[in-house]
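Asks: Below are the sequence and a predicted model; questions follow.
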Amino acid sequence: MNSRRNTSFEALLAEFGFTHEQLADEVNRTAQRLFDKPANCTDRHVRRWIAGDVQRPWAQYLLPLQEIFGTSPEAMGFVQRKSSKPLRAPVRSVWPKMPNPLQRRTFIAGALVTALGIDQTPGYGRLGASDINRIQGTIARLDAHFNGLGGGALVDVATDYLLRLQRALDQCTYGERVERALYRATAEIAACAGWSAHDCGQYERAAQLRSEALQAALLARDPVYVTRAWSDLAAQAEHAGRPAEAARINRSALSERHLRNQPLLSSLLHSRLADCLAQTGDPLGMGRHLAAAERTYDRAEVAGAPSWLGFLTHAELAGLAAIAHHSAGQYRQAEGHAVSALGLLDERFARNRAYYTVLLAELQLMQRHYEMALATASSIHADVVTSSRITARLEQVVTASRMQEGHA
């Protein structure tokens, strides 16, 4: 079985300030109170939960975890099975979180540096294939953390790692193959940091990081990473209110010959181009590229995809279609795609679940379904996601729904 790191659970530990040993002790104390006997939990159990080796702990551990964190197993990143017995609803956690937002963010960033292995980045000596493998493992964990929880503290952590890799490029020695691999890794980290900054609403910082990603990709002489960097810059232009420019960039990227062998990346570009065309008043073009995104995705080998494309599933395609129809003002169709996305979405993508739930609530609000929009928005576990952009939209839709409901 291929285990997936439980980044949601890992973030909860950092948020509440637990080490592995401290959480194990707290599970045992809580189990003693609940069952009159300890659970015999150890730090090894906690490490296995984080690593994803155990996708759903036994009830003797799961009930205490619910009591400690005050949230459901699914919000902790654990998997619901058909054979799973229903658990009682969690009480509100009495364990204090870090009260100061800046203190909390700094603490989580420090915990992530250690958890993701960033503090082990080589800074001198000769680098070889084993160093590249370790760096790729760290990149995969960074991507999984972003896909699971969003930007938040990750923007500072990823930027710090980018600086470490840039110092390694300047201060270490290596051969040509390792050099290209280092530049590819630098491009990947800069792109991850760019999306994390975007998720935090730091758009100028995101633009700078995305330009660094493009420069590193060009130095790596890797057309796939160059295409990724251009696509991210297109997303930057689209957010800045220049959808026609974004459409030109995506069209240019799709015309590259190497994309014939990259159906997954092509599918993403078609979806993003569809949204750009919707914003420029071309709904027919939008429809053509959404259909092309589905066709190319069906040809893709998803199992061997790079970690940064791990989010691109059938659920994400439905979500991107919802975004495009929303941009075209086709709210009913967009709502249908958003519902499909949420129905297909894997539990490990807590950030994207929150994003598409907010989008669904916004679409319901636009169709004057105020009570439904408020109920949808209220279903979000906002405390699990670290995207300030999503939480800001959530607050707006809740406020607007309550105001409109009051006037109804």
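Replies: Arrived safely.
Asks: The closest residue to Leu345 other than its chain neighbours: how many residues sit nearby?
Replies: Nearest residue to Leu345 in three dimensions, chain neighbours excluded: Ala315, at 4.2 Å (CB to CB, 6 or more residues apart in numbering). Heads up, the C-betas are built off the backbone N, CA and C, glycines and all. Applying other CB atoms under 10 Å, we find 20 residues neighbouring Ala315.
Asks: Ala315 contacts Glu347, doesn't it?
Replies: No. At 11.0 Å, Ala315 does not count as touching Glu347 under the criterion of CB atoms under 8 Å.
Asks: Export stretch 66-73 to CSV, keeping only CA atoms.
Replies: Extracted C-alpha coordinates of stretch 66-73, given in CSV (Å, rounded to 0.1, in the frame of the first residue of the first chain):
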residue,chain,number,x,y,z
GLN,A,66,-11.2,13.7,18.9
GLU,A,67,-11.3,15.0,22.5
ILE,A,68,-7.9,16.5,22.3
PHE,A,69,-8.3,18.4,19.0
GLY,A,70,-12.1,18.9,19.1
THR,A,71,-12.6,17.9,15.5
SER,A,72,-13.6,14.9,13.4
PRO,A,73,-11.3,12.1,12.2
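Asks: circling back to that earlier point, just the CA trace of whichever strand or helix holds the residue nearest to Leu345, in CSV.
Replies: Under the criterion of DSSP states H and E, Ala315 resides in helix 314-327. In CSV, the C-alpha atoms belonging to helix 314-327 read as follows (Å, rounded to 0.1, in the frame of the first residue of the first chain):
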residue,chain,number,x,y,z
HIS,A,314,-11.1,14.3,-11.8
ALA,A,315,-12.4,16.2,-8.8
GLU,A,316,-10.1,19.1,-9.7
LEU,A,317,-11.1,19.1,-13.3
ALA,A,318,-14.7,19.5,-12.2
GLY,A,319,-13.7,22.3,-9.9
LEU,A,320,-11.8,24.1,-12.6
ALA,A,321,-14.9,23.8,-14.8
ALA,A,322,-16.9,25.3,-12.0
ILE,A,323,-14.5,28.3,-11.9
ALA,A,324,-14.7,28.8,-15.7
HIS,A,325,-18.5,28.7,-15.7
HIS,A,326,-18.6,31.1,-12.7
SER,A,327,-16.4,33.5,-14.7
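Asks: Report all helices and strands that that helix contacts.
Replies: With contacts taken as 3 or more CB pairs under 8 Å, 6 or more residues apart in numbering; DSSP states H and E, helix 314-327 sits against helix 263-279, helix 283-298, helix 331-344, helix 350-366.
Asks: Tell me how far the shortest one lies from the chain's centre.
Replies: Looking back up the chat, that one is helix 331-344. When distances are taken as CA atoms, centre = their mean, to the nearest Å, helix 331-344 is centred 19 Å away from the chain's centroid.
Asks: And the spatially most central residue of the chain, how far from Asn250?
Replies: Residue closest to the mean C-alpha point of the chain, counted by CA atoms, centre = their mean, is Asn147 at 1.9 Å. Remark: distance between Asn147 and Asn250 (CB to CB, to the nearest Å) = 21 Å.
Asks: ok, Leu218 touching Trp230?
Replies: No. The criterion here is CB under 8 Å, and Leu218 misses it with Trp230 at 10.4 Å.
Asks: Neighbour count: the two, which is higher?
Replies: Per other CB under 10 Å, whichever of Leu218 and Trp230 has more neighbours is Trp230, with 20 against 15.
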